[in-house]
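[1] I'll drop the sequence and a predicted model, then ask my questions.
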Amino acid sequence: MSADANANMGTTPVREGYAFDEAALARWMTGNVAGFAGPLAVEQFKGGQSNPTYKLVTPGKSYVLRRKPPGQILKGAHAVEREAQVLTGLAKADFPVAKVHGLCLDDSVIGSWFYVMDMVEGRIFWEAHVPGVSPEERGAIFDAMNATMAQLHSVDYVGVGLGDYGKPGNYFVRQIGRWSKQYFDDAEAGRDANMDRLIDWLQANMPEGDDATSIIHGDFRIDNMIFHATEPRVIAVLDWELSTLGHPLADFAYNAMMYRMPPYIVAGLGGMNIDGLGIPSEEDYVAAYCARRGLAGMPGYQYYMAFNFFRLAAIFHGIKGRVIRGTASSAQAKERVAVLPELMELAWSQTGA
């Protein structure tokens, strides 16, 4: 099991600084969650540090609470109300998400905004090569992930009340502008020749008239899904913090980066015998998605892939700046910095230039 998986699995007693008035929460749930009956016990999930996440245990069932972190936060950050909005909208389209029971925008209850949803029990695969299952099941798991993504990108987002969930169109212009600015503005983290020329290439080769828009997840990885306990079927997609309206094929290519990503950078399949593992080839994986979406092909795939490697490299570059400034000191942050030059070289190689 990877160190990342071990750090994120399971629950602990509520950590120092993250406790709240559990009796006040129980009173709120009595009035807002149908069928709620105490007594209530609260544990904290190891993962979900951006928006602290808690397991709420009662004699009848368990729930999950996601909240904004306590204390001062940046305006617009940690938007749990957006997460509740997208989960509620997607449920109307029968997309596999946890049922939201209620959203609380009253700081006086537990100290920050929060929402409560069902606790979904199943399997989470922390590594891209899905250890511990047969090749046949592994192939079916990948197909289920592919189908779930195609289903997400096919949702009528206006029809389910998510027409205002982001800005449609000009996705690459906005994203490349945002991440380029962050990269250039962080002087302490330095510059990299591969990153500089990749930004130029992305701006010069931007797809014209390519304004497809859908709900996008933003972090669609296998470890952000819960699979059925015994079947190769996705029963809930997790972690919607980066979701918005955006380009569906960019969202798909982010998921497909796993084929080109060494596992020591982030969970990936690079260098593995995927055929022996029962995992479909990258070409077949793309074709399956296109067939499900009714697309004749994906001519911009190289661009979408280069864009996603660029975005990830920009995120790691930001982590490097925080490490230098002493605001990110975790072992994981330092590991990200160590592989950054290789990631930037890999990002440039996606262009084929």
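    Looks like it arrived, so ask away. Numbering: from 1, shown residues only.
[2] need the helices for the stretch 1-150 of the chain, in chain order.
    3-8, 22-32, 80-92, 107-110, 135-153 (DSSP state H, counting those that start in this stretch).
[3] walk me through the domains of this structure.
    Residue ranges for the domains of the chain, per automatic domain parsing: 3-118, 135-349.
[4] for the protein, just list every one of the strands.
    11-12, 41-45, 53-57, 62-67, 100-104, 114-118, 214-216, 225-227, 234-237, 244-246 (DSSP state E).
[5] okay, these in TSV with mean neighbour count next?
    The C-beta positions use only the backbone N, C-alpha and C, and glycine is treated the same way. Conversion of those to TSV gives the following (neighbours: other Cβ atoms under 10 Å):
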stretch	mean neighbour count
strand 11-12	12
strand 41-45	16
strand 53-57	20
strand 62-67	22
strand 100-104	20
strand 114-118	23
strand 214-216	24
strand 225-227	22
strand 234-237	22
strand 244-246	21
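[6] mean pLDDT for the domains of the chain: which is lowest?
    Within the domains of the chain, confidence is poorest for domain 3-118, with a mean of 87 (mean pLDDT).
[7] thinking again about what came up before, for S330, find the nearest of the helices of the stretch 1-150 of the chain.
    Closest approach to S330 among the helices of the stretch 1-150 of the chain (Cβ to Cβ): helix 3-8, 9.4 Å.
[8] L198: which of the strands of the chain is closest?
    Once these are compared by Cβ to Cβ, strand 244-246 is nearest, at 19.9 Å.
[9] picking that back up, any chance of CSV for the helices of the stretch 1-150 of the chain, columns distance to Q44 and mean neighbour count?
    Below are the helices of the stretch 1-150 of the chain laid out as CSV (distance: least, Cβ to Cβ, whole Å; neighbours: other Cβ atoms under 10 Å):
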stretch, distance to Q44, mean neighbour count
helix 3-8, 12, 14
helix 22-32, 12, 15
helix 80-92, 16, 20
helix 107-110, 13, 15
helix 135-153, 28, 19
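[10] as CSV, those with distance to R174 would be great.
    What follows is those, written out as CSV (distance: least, Cβ to Cβ, whole Å):
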stretch, distance to R174
helix 3-8, 29
helix 22-32, 36
helix 80-92, 17
helix 107-110, 31
helix 135-153, 19
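[11] right, and T11 touches K46 too?
    Yes - the criterion here is Cβ atoms under 8 Å, and T11 meets it with K46 at 6.8 Å.
[12] thinking again about what came up before, which of the domains of the chain sits closest to W126?
    domain 3-118 (3.3 Å).
[13] how far does that closest one sit from the chain's center?
    17 Å (Cα atoms, centre = their mean, to the nearest Å).
[14] quick one, which of the strands of the chain is nearest to T148?
    Closest among these, using Cβ to Cβ: strand 234-237, at 4.4 Å.
[15] ranges for the helices of the stretch 251-353 of the chain?
    274-277, 282-293, 301-325, 331-349.
[16] would you list those helices in a markdown table and tack on distance to D210?
    Shown next, in a markdown table, are the helices of the stretch 251-353 of the chain (distance: least, Cβ to Cβ, whole Å):
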| stretch | distance to D210 |
| --- | --- |
| helix 274-277 | 29 |
| helix 282-293 | 15 |
| helix 301-325 | 9 |
| helix 331-349 | 20 |
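[17] which of the ones you listed is buried the deepest?
    helix 301-325 (a mean of 20; mean count of other Cβ atoms under 10 Å).
[18] rewinding a little: could the domains of the chain be laid out in TSV, adding distance to E127?
    As requested, the domains of the chain are exported to TSV (distance: least, Cβ to Cβ, whole Å):
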stretch	distance to E127
domain 3-118	7
domain 135-349	6
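[19] OK, contacts around the residue lying farthest from the centre of the chain?
    Most distant from the centre of the chain: P39, at 32.8 Å, with distances by Cα atoms, centre = their mean. Residues near P39 by Cβ atoms under 8 Å, 6 or more residues apart in numbering: 26, 58-59.
[20] how about the contacts made by the closest residue to T148 other than its chain neighbours?
    Of all residues not flanking T148 in the chain, V234 sits nearest, at 4.4 Å (Cβ to Cβ, 6 or more residues apart in numbering). V234 makes contact with 96, 144-145, 147-148, 225-228, according to Cβ under 8 Å, 6+ apart.
[21] reformat those residues as TSV; add distance to A253.
    Shown next, in TSV, are the contacts of V234 (distance: Cβ to Cβ, whole Å):
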residue	distance to A253
P96	22
A144	19
M145	14
A147	17
T148	16
M225	17
I226	23
F227	22
H228	27
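[22] nearest to A347, of the residues you listed?
    Nearest member of these to A347, counting by Cβ to Cβ, is M145, at 23.5 Å.
[23] how about the closest one, what does it touch?
    Contacts of M145 (Cβ under 8 Å, 6+ apart): 222, 225, 234, 255.
[24] which two in those residues are spaced the farthest apart?
    V234 and N255 (12.4 Å).
[25] circling back: closest one to E282 out of the contacts of V234, please.
    Looking across the contacts of V234 and measuring by Cβ to Cβ, the closest to E282 is M145, at 13.6 Å.
[26] what's the spacing between G139 and G278?
    4 Å (Cβ to Cβ, to the nearest Å).
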